[in-house]
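In: Predicted model and sequence follow; I will ask about them next.
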Amino acid sequence: MQKRVQIQSRKAQTVYLPLAASSITIHSRITSQSQSQNNIVKVCVTDHQKQETKCKKKYYHKLIVVLKKYQPREIQKQIVPQWNHQQQLLINNFNLFGNLLIDHTFILLTFHIHVHQYYILELLQQKRTQQFLVEEIKKPLFYKLQGQVPFKCVLNAFEAAGFERTDDDNWLLYWGLASKETLNEMKKYQKTNHFPGCWSVGRKDNLWIHLSKVKRRFPTEYSFIPNTYLLQYDFERFERIRECAPKKTLWIKKPVASARGNGIKLISKKSKLTADKRYLVMDYISNPHLINNFKYDLRVYVLITSTDPLRVYMYKDGLVRFATQEYSLKSSDIKKRFIHLTNFSVNKQSPNFIANNQDIGKQLKTSKWSHKEYKQQLMNQGINHKLLFKSIQDVVLKTCIAADPLLLENRITLEHKNNYFELFGFDILIDEKLKPWLLEVNVSPSLNSSSELDAQIKSQLISDMLHLIGLEYHTKKAFRIQIKKKLYERNINDIQSINSRNFKQKVNQEDLDVMIQSLEEQLRLGQFKCLYPNKKNIFEYEQYFEYPRFHNKLIQKYFEDGSNWVI
Ligand code: ADP
């Protein structure tokens with residue numbers, strides 16, 4: 001029998017709620033008296049039309065309790081249990097699937113419409129002495145909004161998750177840019193969707209300032225951002241470069257802090273330019289990869305849930321945005337925005353713009369595609385899209401590593417480091433050699449559902465994101481326990497001597513919680529792919545961090561040790 005370990009911060013009930021209107025996603029633990037050892041019961045819907053949920057007979061009653069509790073209000077369907085000849089429970093007409101993990105004392109239940117696989121974490125194979133029944137959660141869960149009401153897919157996701165809007169301080173989730181005062185007063189269980197330092201990469205000038213620093217150390221590895229000149233500082237240097245450049249060279253001039261293609265124009269050797277501090281100039285990638293002769297760029301959604309350890313996820317789908325006039329480098333065409341800019345907000349004004357309303361047969365003529373449609377097209381052209389997306393992931397992760405020390409600004413307090421998450425929109429241009437270029441990183445990427453395609457991708461994206469970040473339901477009592485907890489500094493060099501036999505003595509409760517949190521997120525990925533920490537690349541990317549982080553190192557050690565620290 002393994003030793004009982006009390007995980008203090010887990011004394012609270014933990015309910016992770018997400019959910020697209022059509023699905024239910026719950027991640028909760030409930031007390032189980034089961035004596036079985038780490039049994040996994042697969043619960044899956046085999047066919048969307050004829051939905052079946054399967055599980056072994058002996059866990060039937062527990063499953064039913066949870067399912068009854070969590071049937072979404074809109075889908076009040078009768079659960080009709082039947083037993084088939086393999087002693088598996090079939091629940092017809094139930095609009096969800098997931099997996100059920102049962103060990104000595106608790107059930108970990110994850111339902112999600114897109115979860116196909118489930119992993120048992122060695123670290124989770126532990127006995128938790130304090131468990132709560134999910135049924136005990138009676139109070140509503142609240143979100144608070146700052147500024148404008150967000151787009152419909154965000155509101156729908158909140159609603160489907162059973163969240164209600166509040167104007168008080170009793171929120172679990174704050175959506176929008178919160179004031180310093182609000183951030184300072186955040187309680188441990190509250191989360192907000194912007195890091196205080198999000199503009200360190202979210203503004204074009206800052207992105208260049210920070211990435212170019214790393215580029216000096218790693219010129220080849222960080223060559224994915226086009227050379228940029230901040231006119232306030234680099235005007236004269238740029239003019240000298242411009243003078244010596246080949247005749248037909250082009251650059252692109254952009255406002256340092258604007259969006260939607262506003263104020264952007266192409267410039268040539270002859271264009272007039274002044275040292276206007278509101279602008280920057282960037283090398284123009286004049287050889288973009290074209291599809292049907294049109295230029296396009298990719299919107300890639302990237303979620304960061306923590307900075308120490310750094311946790312980065314990239315969404316498996318996204319958007320491809322096309323220009324609406326055929327590509328041309330003729331000097332008479334350089335002012336034509338429908339040729340050179342791929343922004344939706346620019347091209348929707350073009351008479352050639354075609355919205356993607358998922359009309360089969362017309363999809364490939366539309367001005368916006370999903371990544372799925374794009375990959376299919378690349379495959380048809382004999383292009384290895386897996387390789388391309390691998391290099392996109394590399395660009396994303398290297399950018400996030402450069403941003404990592406900046407995101408918390410001066411708020412590197414243990415108290416608040418778990419309060420933030422951020423969904424960034426990366427704009428990536430692919431050149432004809434299939435090299436991805438990072439054009440910019442957007443804070444608050446548009447979640448507007450202007451077409452069926454947008455609505456479909458973004459609703460699932462928000463739902464998956466809310467699920468992944470793991471909002472916790474805390475009782476006041478549990479919170480008091482948490483703030484009393486003492487935190488102390490540890491020496492990063494000690495990590496080297498930690499292994500599966502001694503980690504219980506060497507790793508404190510706070511560190512263990514951080515690790516569990518990181519590994520648990522991987523149970524709630526939905527359509528996100530974990531870029532970091534990832535067993536496969538954690539060693540390779542270590543070199544790019546400005547300085548080593550304690551929890552990155554600890555997780556690295558855990559992987560190095562074969563991921564077998566069992567409590
Ligand atoms: P905004 O924030 O205004 O959308 P972007 O930096 O995303 O500004 O640029 C807008 C569009 O201009 C991009 O979608 C892309 O089509 C084009 N673009 C921007 N930078 C470059 C570049 N360096 N090379 C080629 N095209 C670019």
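Out: Nice, I can see it. The structure displayed is predicted, hence computed values, not measured ones. Numbering: from 1, shown residues only.

In: Which residues of the stretch 301-450 of the chain lie near the ligand?
Out: Within the stretch 301-450 of the chain, the positions near the ligand by Cβ under 6 Å from any ligand atom are 341, 342, 343, 427, 429, 439, 440. Heads up, the C-betas are built off the backbone N, CA and C, glycines and all.

In: any bit of stretch 258-275 sitting next to the ligand?
Out: Yes - judged by Cβ under 6 Å from any ligand atom, stretch 258-275 comes into contact with the ligand through 258, 259, 260, 261, 262, 264.

In: And the buried ones among those residues, selectable in ChimeraX?
Out: Of those, the buried ones can be selected in ChimeraX as follows, counting by 16 or more other Cβ atoms under 10 Å:
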select :259,261,264
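
In: Show the subsequent helix or strand relative to the helix or strand hosting residue 216.
Out: Assigned by DSSP states H and E, residue 216 belongs to helix 204-217. Once helix 204-217 ends, the next helix or strand along the chain (criterion: DSSP H and E) is strand 228-230.

In: Out of the residues of stretch 258-275 next to the ligand, name the ones that lie in helices.
Out: Members of the residues of stretch 258-275 next to the ligand lying in helices (criterion: DSSP state H): none.

In: List just the nearest of the residues of stretch 258-275 next to the ligand to residue 547.
Out: residue 259 (32.1 Å; Cβ to Cβ).

In: contacting residues around that closest one?
Out: By Cβ atoms under 8 Å, 6 or more residues apart in numbering, residue 259 lies in contact with residue 442.

In: what number of residues lie near the nearest residue in space to residue 379 that is not next to it in sequence?
Out: For residue 379, ignoring the flanking residues on the chain, the nearest one in space by Cβ to Cβ, 6 or more residues apart in numbering is residue 385 at 6.2 Å. Counted with other Cβ atoms under 10 Å, residues neighbouring residue 385 total 17.

In: Next one: residue 385 from the ligand, what distance?
Out: 20 Å (Cβ to the nearest ligand atom, to the nearest Å).

In: That residue is in contact with residue 375, isn't it?
Out: Yes - Residue 385 lies in contact with residue 375 (Cβ atoms under 8 Å); the separation is 4.3 Å.

In: tell me the strands in the stretch 351-500 of the chain, going along the chain?
Out: Under the criterion DSSP state E, counting those that start in this stretch, the stretch 351-500 of the chain contains strands at 368-370, 422-430, 436-443.

In: export those strands to CSV and tack on mean pLDDT and mean neighbour count?
Out: Shown next, in CSV, are the strands of the stretch 351-500 of the chain (pLDDT from 0 to 100; neighbours: other Cβ atoms under 10 Å):
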stretch, mean pLDDT, mean neighbour count
strand 368-370, 93, 22
strand 422-430, 98, 21
strand 436-443, 97, 21
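
In: pretty sure residue 314 belongs to a helix, no?
Out: No - if the criterion is DSSP: H, G, I helix; E, B strand; the rest coil, then residue 314 is strand and not within a helix.

In: Tell me the bridge partners for it.
Out: Beta-bridge partners of residue 314, counted by DSSP bridges, are residue 302, residue 529.

In: which ones are touching it?
Out: Counting by Cβ under 8 Å, 6+ apart, residue 314 touches 300, 301, 302, 303, 392, 393, 396, 528, 529, 531.

In: Equivalent analysis for residue 290, please.
Out: 296, 327, 432.

In: measure stretch 178-190 end to end?
Out: Using Cα to Cα, to the nearest Å, one end of stretch 178-190 lies 12 Å from the other.

In: and it, average pLDDT?
Out: Averaged over stretch 178-190, pLDDT sits at 88.

In: can you tell me how far residue 226 sits from residue 284?
Out: Using Cβ to Cβ, to the nearest Å, residue 226 is found at 8 Å from residue 284.

In: Tell me which of the two has more neighbours.
Out: residue 284 (19 against 16).

In: State the distance from the nearest residue to residue 492 once chain neighbours are set aside to the ligand.
Out: Using Cβ to Cβ, 6+ apart and skipping residues adjacent in sequence, the residue nearest residue 492 is residue 550, 5.2 Å away. Taking Cβ to the nearest ligand atom as the measure, residue 550 and the ligand are separated by 35 Å.

In: Can you get me a residue count around residue 550?
Out: If you count neighbours by other Cβ under 10 Å, residue 550 ends up with 17.

In: pretty sure it contacts residue 495?
Out: Yes - the criterion here is Cβ under 8 Å, and residue 550 meets it with residue 495 at 7.4 Å.

In: that older thread, figure out which of the strands of the stretch 351-500 of the chain is closest to residue 515.
Out: Closest approach to residue 515 among those (Cβ to Cβ): strand 422-430, 21.5 Å.

In: Check which helices and strands the closest one is in contact with.
Out: Using 3 or more Cβ pairs under 8 Å, 6 or more residues apart in numbering; DSSP states H and E, the elements in contact with strand 422-430 are strand 294-307, helix 385-403, strand 436-443.

In: Point out the most buried one among those.
Out: A comparison of these by mean neighbour count, using mean count of other Cβ atoms under 10 Å, puts strand 294-307 on top with a mean of 23.

In: Helix 385-403 and that one, what's the angle between them?
Out: Relative orientation of strand 294-307 and helix 385-403, computed by axes from the mean of the first three to the mean of the last three Cα atoms, to 10 degrees: 50 degrees.

In: give me the low-pLDDT residue ranges for the stretch 151-300 of the chain?
Out: 160-162 (pLDDT under 70).

In: Show me which residues of stretch 216-226 are buried.
Out: For stretch 216-226, burial by neighbour count (16+ other Cβ under 10 Å) applies to 222, 224, 225, 226.

In: Tell me who's in contact with the second one.
Out: This points to residue 224. By Cβ under 8 Å, 6+ apart, the contact set of residue 224 is 395, 398, 435, 436, 437, 438.

In: What residues sit buried inside whichever helix or strand residue 201 is part of?
Out: Assigned by DSSP H and E, residue 201 belongs to helix 199-202. Along helix 199-202, these residues count as buried under the neighbour rule (16+ other Cβ under 10 Å): 199, 200, 201, 202.

In: do that helix and the ligand meet?
Out: No - judged by Cβ under 6 Å from any ligand atom, helix 199-202 and the ligand are separated, with a smallest distance of 10.2 Å.

In: Export that helix to CSV, keeping only CA atoms.
Out: Output of helix 199-202 as CSV, limited to C-alpha atoms (Å, rounded to 0.1, in the frame of the first residue of the first chain):
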residue,chain,number,x,y,z
TRP,A,199,2.0,44.2,-24.2
SER,A,200,5.6,43.2,-24.0
VAL,A,201,4.9,41.1,-27.0
GLY,A,202,1.5,42.4,-27.9
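
In: Who are the packing partners of that helix?
Out: Under the contact criterion of 3+ Cβ pairs under 8 Å, 6+ apart, helix 199-202 touches helix 204-217, helix 385-403, strand 436-443.

In: Please tabulate those in TSV, including the columns distance to residue 243.
Out: As requested, the helices and strands packed on helix 199-202 are exported to TSV (distance: least, Cβ to Cβ, whole Å):
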stretch	distance to residue 243
helix 204-217	22
helix 385-403	31
strand 436-443	25
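
In: Nearest to residue 307, out of the ones you listed?
Out: helix 385-403 (8.6 Å).

In: Please find the angle between the direction vectors of that closest one and helix 204-217.
Out: 100 degrees.
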